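Asker: Predicted model, plus sequence, below.
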Amino acid sequence: MKSFRILPAVAVVVAALGCGSEGPQGPAGPQGEPGEQGAKGDPGEQGSQGPAGPAGSDATAVTQSGTRLKARFLQGEDGTREFRGWYDSQLERPCTWKLHPGTVDTWSCVPPFLALTGYGHFGDEGCLKPVAPALPPGETYRVKYGDGAYAAYEQGAPLDVVFAVEENTLACKPASPSEVMHDWIKTDLTFVTATEAQE
């Protein structure tokens with residue numbers, strides 16, 4: 001009886017089955033847990049020094065004396081310094097900025113002179129020229145705004161007749177004030193004027 005050897009044929013069949021196309025890729029597996037943190041590295045070298053910053057604010061940088069107005073400061077014995085106002089070197093008096101009525105950016109530095117207006121009495125029949133009582137000791141001028149500028153007035157002679165606007169009729173009538181009124185004469189004194197500016 002003859003025997004048959006079939007092992008090679010089986011091998012060929014197995015080989016043929018192994019040559020088929022590759023199947024699709026399976027889904028990704030879950031992410032693994034993070035590993036332990038590594039050791040801290042050595043510090044780096046110190047960087048170079050940066051450029052100098054801008055200079056700090058200084059009162060003298062924005063406050064500057066002029067040819068007539070001089071800045072006044074409170075000087076502390078420890079070096080502190082504080083701006084206190086302005087001094088009119090021509091009038092030899094401190095002064096403060098007063099806004100010109102009817103404007104928004106025009107100012108004059110006026111000493112603390114007493115006002116000429118506000119007493120309700122006038123030296124003319126049209127009630128247009130204001131008058132005022134005599135100045136108290138130590139005062140030299142009164143001030144009034146008109147024609148676009150502040151002006152200083154010096155005391156004149158006392159007046160025998162003065163006028164006032166009658167409340168009911170608004171007519172200008174002779175009046176009898178409780179104190180003597182004086183005439184006032186406009187002087188040639190001027191005040192330093194400034195306008196607001198923006199850099």
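Answerer: Sure, I can see it. Numbers count the residues shown, from 1 in each chain.
Asker: So which bits of stretch 144-160 are buried?
Answerer: Buried residues in stretch 144-160, counting neighbours by 16 or more other C-beta atoms under 10 Å, are found at 144-145, 150-153, 155, 159. For every residue, glycine as well, the C-beta is placed using N, CA and C.
Asker: quick one: terminal-to-terminal distance for that stretch?
Answerer: End-to-end distance of stretch 144-160: 23 Å, with C-alpha to C-alpha, to the nearest Å as the criterion.
Asker: next one: stretch 162-176
Answerer: One end of stretch 162-176 sits 7 Å from the other (C-alpha to C-alpha).
Asker: Also stretch 33-49?
Answerer: Counting by C-alpha to C-alpha, you get 43 Å between the two ends of stretch 33-49.
Asker: can you pull out the strands in the protein?
Answerer: 69-75, 81-88, 93-99, 106-110, 114-115, 132-133, 142-146, 149-158, 162-165, 172-175, 181-186, 193-195 (DSSP state E).
Asker: worst-scoring helix or strand of this structure, pLDDT-wise?
Answerer: The helix or strand of the chain with the poorest confidence is helix 7-17; it has a mean of 45 (mean pLDDT, DSSP states H and E).
Asker: My understanding was that residue 82 contacts residue 63; is that so?
Answerer: No: look at residue 82 against residue 63 with C-beta atoms under 8 Å: they stay out of range, at 10.5 Å.
Asker: Could you double-check that residue 191 sits in contact with residue 113?
Answerer: No: between residue 191 and residue 113 there is no contact under C-beta under 8 Å: 10.0 Å.
Asker: shared neighbours, these two?
Answerer: Residues within reach of residue 191 and of residue 113 at once, by C-beta atoms under 8 Å, 6 or more residues apart in numbering, are residue 152.
Asker: contacting residues around the closest residue to residue 187 other than its chain neighbours?
Answerer: Distances taken as C-beta to C-beta, 6 or more residues apart in numbering put residue 152 closest to residue 187, at 4.9 Å, once the chain neighbours are dropped. The contact partners of residue 152, taken as C-beta under 8 Å, 6+ apart, are 113, 141-143, 186-187, 189, 191.
Asker: Next, count neighbours for residue 192.
Answerer: 18 (other C-beta atoms under 10 Å).
Asker: should've said residue 168
Answerer: Residue 168 - counted by other C-beta under 10 Å - has 5 other residues nearby.
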